[in-house]
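A.B. asks: Sequence and computational prediction follow.
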There are 2 protein chains.
Amino acid sequence: ASESGGSGTKPNPSSLAPVNLDHGDPTAYETYWSKVGERSTITFTGDQSLSYFANAKNLCWFLEPKLEEEIRRLHHVVGNAKVDDHFIIVGNGSSQLIQAALYAVSPSDQPQPTSVVSAAPYYSAYQEVADLLRSGLYKWGGDAYGFNKDEPYIEMVTSPNNPCGMTREPVVNRPQGKIIHDLAYYWPHYTPITSQVDYDIMLFTVSKCTGHAGSRIGWALVRDKDVARKMVDLMVISTIGVSKESQLRAAKILGVISDSCLLDKSPGLENFFEYAQHLMAARWEKLREIVKVNELFSLTEYPSEYCLFTKEFTEARPAFAWMSCKSDMEDIEKILRGHKILARGGKRFGSDPKYVRISMLSRDQEFNLFLQRLSSIHGITSGN
Amino acid sequence: ASESGGSGTKPNPSSLAPVNLDHGDPTAYETYWSKVGERSTITFTGDQSLSYFANAKNLCWFLEPKLEEEIRRLHHVVGNAKVDDHFIIVGNGSSQLIQAALYAVSPSDQPQPTSVVSAAPYYSAYQEVADLLRSGLYKWGGDAYGFNKDEPYIEMVTSPNNPCGMTREPVVNRPQGKIIHDLAYYWPHYTPITSQVDYDIMLFTVSKCTGHAGSRIGWALVRDKDVARKMVDLMVISTIGVSKESQLRAAKILGVISDSCLLDKSPGLENFFEYAQHLMAARWEKLREIVKVNELFSLTEYPSEYCLFTKEFTEARPAFAWMSCKSDMEDIEKILRGHKILARGGKRFGSDPKYVRISMLSRDQEFNLFLQRLSSIHGITSGN
């Protein structure tokens, strides 16, 4: 890998600030929200939401009724998940809900902590969350493909998968297993909606759906009342619930998205999922073009499937690119870093250093800079 | 204990909804914030705060710079804590910061989890947080007065204390101790500010300072950079930071409070701490009157001390009343429950069932109902 081009006034790339695509910071949708304008604005007066309680009668007593309503409505509009027989638990991002779900499904009568597994490549945060406090209830157990013990286990199933964007099913399939479905990316801008899923525990997050990661709002759809109650217990002890401001703003934002999908409710409002799907498709097309003429890298390919929401056959356009070196010998994270592109190396996901996860959700400016720098590797273009 | 009075159209108290003073839900200040009006209002447009990041250059990269500024300003205005040599870490309420601090100061090389202790009566949540996930790093060790081991320990020092309102110092005072100072109630409406404290780890929360418990914003002042970094690590893994909406609103609210203390900045704005101090003093006076003529109960007494903020000698007016039965034989929580008053029994705080913690921060209506029901016990008045 070498940096090509560069003459005259062009600054030396090594002195440039890196493009940080390590996090999946979803700023790509800012322009959409600017265009939506007042419809998505919310105001809080000083005397609002002082109480810890949002609805003392609800099992999840800190959940704002308006947010619950808009979550249920959005799932009905999109058709990605069944919600009518599930409790809704709101969390400080889906991160906290992962912890709450692990806590709720871990058997409390085991001599050893229960293994938490996920098929590699798996979301790097699962290991961090599972091992953070050296819990006696659960511990990280690594790649689900390697789990073969006759004991309780918890399998995290991420579909579409973070980092690789593929549709996933449980892989362990042994007795005594509990499954947590992380569906953060199961939305029509990222992947074809192939069925209305209906699992026991399903995790979603506003961050990846609408782009409002700063709000830290996630939600769980939970079928079993005792599991739901234990999840609420964890949320209460660890943070006494979830910001009311974020919940009410998320309700507003989710409401706009649902409205944008319904022609009669949305004069002048562009369908959010169509907008985001086009944006992602255009980015993927540009990236694939550059990778195609490049001899070093390759990208995951996705099958074309029928999407129940768009009523079209489409391929996934994931929130992350899972890129690899064609050669097994290379450390792709290091190569990219040498070209001022920060991304997360495969080892963090239980995979090879020949893989890297690159966020596709940055602002246009950073995304274009990324393309420019990527295409300059191996002298494809002069990089400007 | 018997219920007296009640004739004609008066409903039977046993059929009435209970007054819930179990939580310290700080709705008492709602009226103040209504009067403040527009000055405390904040608006969010749909394209604001999408990113996870608030200030990528800060150690606490999810902390909004405006909130950091207003926290530092408020401590300067009130003079309750030194902030100039401390990092500020924002949390989802101080609950999460307790967990973060335990994580950060627990030695990682110990064969057994480090004991977390606090002098009884102690805040009931410490035990819940310490034992929640059966951590291998730390575990609840009970009353600090009983700790005498030659090994590392962590002492939670709550001053003024929750539940009893007394000023507290560490009580273990052995080598290998780490101390976390929980100063949630160290504000002039609750207690005389007798010195500008300057500890290694100090925890505060918006909930008890301004009444905005629904926002879930707490902050830690942390002297040591490595401890601060480890606290940030926990916040990132458990919730990827803290709601930007809540942070920005908290910044606004704290700004109003600071302004309200400065004559030139606040034409027409009533000094918040004076307002809240009068409100609390009036409630305490009413409660003490009722308890005085009652033969069953007694209340903690507080010394008069010079407050550096108000420049007056005052007694504490704590956020909770720590009430006891004069007789050792009684379960006061049960007695109150029989009179439709819900409060938290002494056992939860490592104390006797003859004690109970009662929130003094409810809305006027509930507080008056509480007084009414309390005074009806033992036939002091007819309870209407």
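C.D. replies: Looks like it came in fine. Numbers count the residues shown, from 1 in each chain, chains lettered A, B, ... in the order given.
A.B. asks: okay, A:V171: pLDDT?
C.D. replies: Confidence per residue is given as pLDDT, and for A:V171 that number is 98.
A.B. asks: How about the contacts made by A:P160?
C.D. replies: Contacts here follow C-beta atoms under 8 Å, 6 or more residues apart in numbering or on different chains; on that basis A:P160 touches A:M166, A:T167, A:R168, A:Y185, A:Y186, A:Y190, A:T191, A:A316, A:P318. C-beta coordinates here come from the backbone N, C-alpha and C atoms, glycine included.
A.B. asks: The same query, at a cut-off of 6 Å, please.
C.D. replies: A:T167, A:Y185, A:T191 (C-beta atoms under 6 Å, 6 or more residues apart in numbering or on different chains).
A.B. asks: What of A:P170?
C.D. replies: For A:P170, the contacting residues are A:E155, A:V157, A:I179, by C-beta under 6 Å, 6+ apart.
A.B. asks: Export the contacts of A:P160 as CSV, with columns for secondary structure and distance to A:S260.
C.D. replies: Listed next are those as CSV, based on DSSP: H, G, I helix; E, B strand; the rest coil; distance: C-beta to C-beta, whole Å:
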residue, secondary structure, distance to A:S260
A:T167, coil, 26
A:Y185, coil, 19
A:T191, coil, 19
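A.B. asks: Now a ChimeraX select for only the buried ones of the residues you listed.
C.D. replies: Restricted to buried positions by 16 or more other C-beta atoms under 10 Å in any protein chain shown, the ChimeraX selection for these reads:
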select /A:185,191
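A.B. asks: okay, the contacts of A:P160 in JSON lines with distance to chain B and pLDDT next?
C.D. replies: Formatted as JSON lines, the entries for the contacts of A:P160 read as follows, by distance: C-beta to the nearest C-beta, whole Å; pLDDT from 0 to 100:
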{"residue": "A:T167", "distance to chain B": "25", "pLDDT": "97"}
{"residue": "A:Y185", "distance to chain B": "16", "pLDDT": "98"}
{"residue": "A:T191", "distance to chain B": "21", "pLDDT": "98"}
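A.B. asks: who in the stretch 1-150 of chain A is up against chain B?
C.D. replies: Neighbours of chain B within the stretch 1-150 of chain A, by C-beta under 6 Å from any C-beta of the partner chain: A:25, A:27, A:30, A:33-34, A:36, A:40-47, A:49-52, A:92-93, A:95-96, A:128, A:132-137.
A.B. asks: If we go by neighbour counts, what in stretch A:52-72 is buried?
C.D. replies: With the criterion 16+ other C-beta under 10 Å, stretch A:52-72 contains buried residues A:52-54, A:58, A:60, A:62-64, A:66-68, A:70-72.
A.B. asks: And for the closest residue to A:M280 other than its chain neighbours, the neighbour number?
C.D. replies: Of all residues beyond its chain neighbours, the one nearest A:M280 is A:R317 (3.8 Å), with distances taken as C-beta to C-beta, 6 or more residues apart in numbering or on different chains. Around A:R317 sit 23 other residues, with neighbours defined as other C-beta atoms under 10 Å in any protein chain shown.
A.B. asks: May I ask you to confirm that A:R317 is in contact with A:H278?
C.D. replies: No: because the distance of 9.4 Å does not satisfy C-beta atoms under 6 Å, A:R317 is recorded as not touching A:H278.
A.B. asks: which residues does the spatially closest residue to A:P107 that is not a sequence neighbour contact?
C.D. replies: Closest residue to A:P107 in three dimensions, ignoring its sequence neighbours and counting by C-beta to C-beta, 6+ apart: A:P152, at 5.2 Å. Listed by C-beta under 6 Å, 6+ apart, the contact set of A:P152 reads A:P107, A:T114, A:Q176.
A.B. asks: at 8 Å what do you get?
C.D. replies: The neighbourhood of A:P152, defined by C-beta under 8 Å, 6+ apart, consists of A:P107, A:Q110, A:T114, A:S115, A:Q176, A:G177, A:K178.
A.B. asks: a strand runs through the fourth one, doesn't it?
C.D. replies: Yes: counting by DSSP: H, G, I helix; E, B strand; the rest coil, A:S115 falls inside a strand.
A.B. asks: Now it: closest residue in space, sequence neighbours ignored.
C.D. replies: Residue nearest to A:S115 in three dimensions, not counting chain neighbours: A:G141, with 3.0 Å by C-beta to C-beta, 6+ apart.
A.B. asks: Give the buried residues for the helix or strand in which the one you found is found.
C.D. replies: Per DSSP states H and E, A:G141 falls inside strand A:138-143. Of the residues in strand A:138-143, those buried by neighbour count under the rule 16+ other C-beta under 10 Å are A:Y138, A:K139, A:W140, A:G141, A:G142.
A.B. asks: Kindly indicate which of those lies nearest B:Y355.
C.D. replies: For B:Y355, the nearest member of these is A:Y138. The distance, counting by C-beta to C-beta, is 36.5 Å.
A.B. asks: Would you point out which residue is most central in chain A?
C.D. replies: The centre of chain A sits closest to A:A184, judged by C-alpha atoms, centre = their mean, with a distance of 4.3 Å.
A.B. asks: For the contacts of A:P152, which two are the farthest from each other?
C.D. replies: For the contacts of A:P152, the maximum inter-member distance is 13.7 Å, found between A:Q110 and A:G177 (C-beta to C-beta).
A.B. asks: Nothing else from me, thank you.
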